[in-house]
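Asker: Have a look at this prediction, sequence included:
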Amino acid sequence: MYLVFWSFFALICVVLDFVQAIPSCDDACLFDTILRPRLSTNASIVHSSSAAPRWSEFNPPQTGTVVNVATEHDVLLTVQYCIAADIPFFAQSGGVGWANTFSLGKTGTTINLRGLNEVTFNEKRTEVTVQEGTIIEEFINAAYQNHARVATGNCNCVGVMGAALGAGVRRLMGLYGLTIDNLISMNIVAADGKAKVVTPENDPDL
């Protein structure tokens, strides 16, 4: 936690110093100059809301920048950068959900999680690790290939994590419970820009 806090503080200092040194640098310039060099090789930054395709076209968010992350650390750095630069942001996986809070405007940022879509079963196929960009179709296909049954929602285009955080209603919930009932742990980036591993034991409220 100390390392994360220090890196967050250092990033704030970099943002402030750069803005003071080059006041004419706009949001796109700041993203490309400060954040992009810190992201992994396969990550990218695009200054167009259409760069993060959505399944639902109803009231889509029209943010000015899309950060296509490729690692969990990319997510952490992007969230920390947006907090430091006071830029509104939201994360997107399947691109199905919508809400009035998605109206972030051209100053907002979409963190596109679709590049994080690996599904890994343990040797006994009793536990599975799902990255946050995975959609339900990919999760079910991976389970089928591993001869396993998984707790997930029924709509193929929805992100697994989005469905899980909304409980994860499905046909077999009478036998195995909701998706959220089956979670063992989650790696998250909290609203304060810190990485956390959340389990029922170490953070029962969250």
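Answerer: Arrived safely. Numbers count the residues shown, from 1 in each chain.
Asker: if you skip the residues just before and after it, what's nearest to residue 81?
Answerer: residue 35 (4.7 Å; CB to CB, 6 or more residues apart in numbering). (Each C-beta comes from the backbone N, C-alpha and C, glycine too.)
Asker: My guess is that neighbour contacts residue 74. True?
Answerer: No - between residue 35 and residue 74 there is no contact under CB atoms under 8 Å: 9.4 Å.
Asker: Between those two, which contacts overlap?
Answerer: residue 67 (CB atoms under 8 Å, 6 or more residues apart in numbering).
Asker: Quick check, residue 51 in contact with residue 66.
Answerer: Yes - counting by CB under 8 Å, residue 66 is a contact partner of residue 51 at 4.0 Å.
Asker: Counting neighbours, go ahead and name the busier of those two.
Answerer: Per other CB atoms under 10 Å, whichever of residue 51 and residue 66 has more neighbours is residue 66, with 20 against 16.
Asker: Pairing-wise in the sheet, spell out the partners of that one.
Answerer: Note on residue 66: beta-bridge partners residue 46, residue 110, judged by DSSP bridges.
Asker: check contacts around it.
Answerer: If you count contacts by CB under 8 Å, 6+ apart, then residue 66 has 45, 46, 47, 48, 49, 51, 52, 109, 110, 112 around it.
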